[in-house]
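1. Kindly generate the corresponding structure for this input.
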Amino acid sequence: MKNATFNRVALLAALVVLCALPFTVTGYVLYVVNLLMVFVVLALGMHMVIGEAGQFALSHTAFYGIGIYTAGIVNAAWHPPFVVSILAGGLLSAVIGYVIGFLALRMRDIYLALATFAFGEAMQWVFLNWNDVTGGSNGMRLSPAVFFGLKLTNDLQAYPFVVILAALMLWLTAALSRSQFGSALRAVRESDVAATAMGINARAMKQSAFAISGAFAGIAGGMYTLFVSYINPESLGFQTTILVLTMVVVGGIGSVRGAVAGAITFGVLSELLREAPSVQEVIYGLILMGFMMFKPNGLFAERKRRVARAAAQQGLGGGAAKEDHV
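-> Got it, this is the predicted structure:
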């Protein structure tokens with residue numbers, strides 16, 4: 001009960017802050033908040049494939065880049081309402097993610113990580129060298145997003161749409177996590193054999209997780225095009241994958257709120273260290289190694305277990321633990 005009340009108060013406080021920001025801060029702060037919302041959706045996508053399905057994939061940044069370029073190209077060619085271009089990026093990323101999901105049927109653990117890492121590196125090579133489509137190493141200028149005739153030319157105009165999209169994706173993640181589909185994903189995460197014995201199609205679950213994760217990353221890429229006018233393929237490398245992985249691991253693998261908290265924390269940290277990329281890599285690496293060694297379940301996963309133990313002692317069973325899951 002206390003946990004549910006805390007969740008409602010925290011959500012209300014976040015809504016108040018987000019509503020007040022456009023009237024109280026400068027354009028740069030709005031840019032950072034827009035970027036944080038993109039990171040939240042990215043982290044939620046990685047949460048779906050790693051935290052819920054237990055598939056250690058390192059191809060997330062590739063899907064993010066596909067979403068950015070697809071949305072940018074569709075917008076430049078036809079100037080549809082930005083919802084169309086974002087959905088196009090999300091759909092293409094989902095389809096490619098479903099195909100990449102075949103890897104999860106044949107590989108596990110480090111082998112799957114290496115295979116998906118190779119795919120991510122191959123896609124960055126495409127972004128860097130497909131000059132006719134992506135602009136190659138020179139990058140690509142993005143046309144202003146359009147919303148029924150209104151052009152979004154600055155961070156303030158894009159802000160409400162970015163926040164709404166992030167909130168919708170958060171709601172969708174929580175709904176999926178609480179559903180039977182989420183329970184089936186977690187069963188596959190724990191044991192393919194046991195899940196199959198329970199009547200769950202483990203193959204379909206794994207591929208679905210990759211598709212959903214790809215869709216989230218593609219939509220995050222489309223959101224990015226709402227407030228940024230230029231994309232550099234150098235920013236779509238392995239460093240971004242490590243950043244998002246750090247968000248999920250530190251927040252707590254398997255925790256939706258952990259993914260959100262990690263995205264905000266490390267999104268702010270990455271912006272503070274933007275002028276020192278080499279230092280970023282060292283810091284993220286040390287943090288990631290530290291949590292893998294000493295707190296492999298992350299901050300919020302630890303909290304979830306404490307709530308579950310307290311609920312069990314009070315005779316509440318697993319209900320509170322399930323509530324704390326999201």
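
2. centroid residue for the chain?
-> Nearest to the geometric centre of the chain sits L42, at 1.8 Å (Cα atoms, centre = their mean).

3. you'd agree L112 is in a helix?
-> Yes: secondary structure assignment places L112 in a helix (DSSP: H, G, I helix; E, B strand; the rest coil).

4. contacting residues for it?
-> Contact partners of L112, counting by Cβ atoms under 8 Å, 6 or more residues apart in numbering, are 55-57, 103-104. The way it works is simple: take the backbone N, C-alpha and C, and place the C-beta from them, glycine included.

5. Repeat that for A122.
-> Counting by Cβ under 8 Å, 6+ apart, A122 makes contact with A62.

6. And G136, by the same measure?
-> Contacts of G136 (Cβ under 8 Å, 6+ apart): 128-130, 233.

7. Just the buried ones from these?
-> 128, 233 (16 or more other Cβ atoms under 10 Å).

8. ok so, going back, which of the contacts of L112 fall within strands?
-> Members of these lying in strands (criterion: DSSP state E): none.

9. Between which two of these is the distance greatest?
-> Using Cβ to Cβ, the two most remote members of the contacts of L112 are F56 and L103, lying 11.2 Å apart.

10. just to revisit the earlier point, who wins for neighbours among the contacts of L112?
-> Neighbour counts for the contacts of L112 (other Cβ atoms under 10 Å) peak at A57, which has 29 neighbours.

11. That one contacts I212, doesn't it?
-> No: assessed by Cβ atoms under 8 Å, A57 is found out of contact with I212, at 11.9 Å.

12. shared neighbours of those two, which are they?
-> Counting by Cβ under 8 Å, 6+ apart, the common neighbours of A57 and I212 are V49.

13. can you map out the strands along this protein?
-> Taking DSSP E as the test, the strands found in the chain are 140-141, 145-147, 150-152, 230-231.

14. Same list (the ones you listed) but as a markdown table, adding distance to A175.
-> As requested, the strands of the chain are exported to a markdown table (distance: least, Cβ to Cβ, whole Å):
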| stretch | distance to A175 |
| --- | --- |
| strand 140-141 | 34 |
| strand 145-147 | 26 |
| strand 150-152 | 28 |
| strand 230-231 | 31 |
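
15. Just name the most buried of the ones you listed.
-> Ranked by mean neighbour count, the strands of the chain are led by strand 145-147 with a mean of 20 (mean count of other Cβ atoms under 10 Å).

16. Report the backbone C-alpha coordinates of stretch 63-70 in PDB.
-> What follows is stretch 63-70, C-alpha atoms only, in PDB (Å, rounded to 0.1, in the frame of the first residue of the first chain):
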ATOM      1  CA  PHE A  63      17.900   0.000 -34.400                       C
ATOM      2  CA  TYR A  64      18.100   3.500 -33.000                       C
ATOM      3  CA  GLY A  65      20.000   4.600 -36.000                       C
ATOM      4  CA  ILE A  66      17.600   2.900 -38.400                       C
ATOM      5  CA  GLY A  67      14.800   4.800 -36.700                       C
ATOM      6  CA  ILE A  68      16.600   8.100 -37.100                       C
ATOM      7  CA  TYR A  69      17.500   7.700 -40.700                       C
ATOM      8  CA  THR A  70      14.100   6.200 -41.700                       C
END
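
17. Quick one: distance of that stretch to the chain centre.
-> The gap between where stretch 63-70 is centred and where its chain is centred comes out at 13 Å by Cα atoms, centre = their mean, to the nearest Å.

18. And for stretch 30-37?
-> 14 Å.

19. Please enumerate residues in contact with it?
-> Applying Cβ under 8 Å, 6+ apart, the contact partners of stretch 30-37 are 18, 21-22, 155-156, 158-159, 162-163, 165-166, 223-224, 226-227, 263-264, 267-268, 271.

20. can you tell me how far the spatially closest residue to the residue nearest to the centre of the chain that is not a sequence neighbour sits from I66?
-> Leaving aside its sequence neighbours, L42 sits nearest to A220 (Cβ to Cβ, 6 or more residues apart in numbering; 4.6 Å). Relative to I66, A220 is positioned 11 Å away (Cβ to Cβ, to the nearest Å).

21. For those two, work out which one has more neighbours and name it.
-> A220 (31 against 26).

22. need the contact list for the more buried one.
-> For A220, the contacting residues are 38-39, 41-42, 45, 64, 67, by Cβ under 8 Å, 6+ apart.

23. Check these against R203 and report the nearest one.
-> In terms of Cβ to Cβ, no member of the contacts of A220 lies closer to R203 than G45, at 20.6 Å.
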